[in-house]
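**Student:** what follows is a predicted structure for the sequence shown.
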Amino acid sequence: MISDNHNAYNNYNNYIDEYELTNGYAVVDRNFSIVTANEPMYLFLGMSKHYSIMDAIHQVDIDDFIDVANSLRPEIKKSMCIRMRRIDNSYRWVIVDIEKKVIPNTDSSEYLELHISDVLVIRELNKKLQQQIKAFKNETAENRNLLIMQPEPAIKEFCIKKHRIR
């Protein structure tokens, strides 16, 4: 007989294994403290906004992250691949798009916007997309009478242009 604790542990592990970070978003202040983040980011990190993003970045990658962040000018975006710690304390490679922003009408209110996605998840999503494209191509090759619908404004514009030409 399996105990309830064992079932709870397995359910927790399944949750962790199934949850992967895609389209994570965080706003980080000049001291690298998390000001706010979206739900996927909090689920991935498992921490409240009172922590520093540095707590999640692997120690080997911290200096590179700081160098990139400090080299940014406002409205300039850079991307990098670093290791970040998940809620279960395992590290995952993630792609981080970093952009420095400035609050308008202030002298020095800068912050960073981070867009973060797990590299392995992106790879799996790309595989699924390629399979769907292949299936779609096969389906359209078999069915030559494919009907492609245009959104209503595009249809109206086409009809107006057609009547002007004649």
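**Tutor:** That came through fine.
**Student:** thought I66 was touching M80, still the case?
**Tutor:** No - if you go by Cβ atoms under 8 Å, M80 and I66 don't touch, sitting 11.2 Å apart. All C-beta atoms are positioned from the backbone trio N, CA, C, and that covers glycine.
**Student:** which pLDDT value belongs to the closest residue to V119 other than its chain neighbours?
**Tutor:** Using Cβ to Cβ, 6 or more residues apart in numbering and skipping residues adjacent in sequence, the residue nearest V119 is W93, 4.3 Å away. pLDDT for W93: 94.
**Student:** tally of neighbours for W93?
**Tutor:** A count of nearby residues for W93, using other Cβ atoms under 10 Å, gives 14.
**Student:** check L43 too.
**Tutor:** For L43, using other Cβ under 10 Å, the count is 17.
**Student:** tell me the average confidence for the helix or strand encompassing it?
**Tutor:** Using DSSP states H and E, L43 sits in helix 39-45. Confidence for helix 39-45, expressed as mean pLDDT, is 89.
**Student:** now do stretch 121-132: everything it contacts.
**Tutor:** 20-22, 95 (Cβ atoms under 8 Å, 6 or more residues apart in numbering).
**Student:** report the backbone C-alpha coordinates of it in PDB.
**Tutor:** Extracted in PDB, the C-alpha atoms of stretch 121-132 (Å, rounded to 0.1, in the frame of the first residue of the first chain):
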ATOM      1  CA  VAL A 121      10.800  24.100 -23.600                       C
ATOM      2  CA  ILE A 122      11.500  26.200 -26.600                       C
ATOM      3  CA  ARG A 123      13.100  23.200 -28.300                       C
ATOM      4  CA  GLU A 124      10.100  21.000 -27.600                       C
ATOM      5  CA  LEU A 125       7.700  23.600 -28.800                       C
ATOM      6  CA  ASN A 126       9.700  24.000 -32.000                       C
ATOM      7  CA  LYS A 127       9.600  20.300 -32.600                       C
ATOM      8  CA  LYS A 128       5.800  20.300 -32.200                       C
ATOM      9  CA  LEU A 129       5.500  23.300 -34.500                       C
ATOM     10  CA  GLN A 130       7.600  21.600 -37.200                       C
ATOM     11  CA  GLN A 131       5.400  18.400 -36.900                       C
ATOM     12  CA  GLN A 132       2.200  20.500 -37.200                       C
END
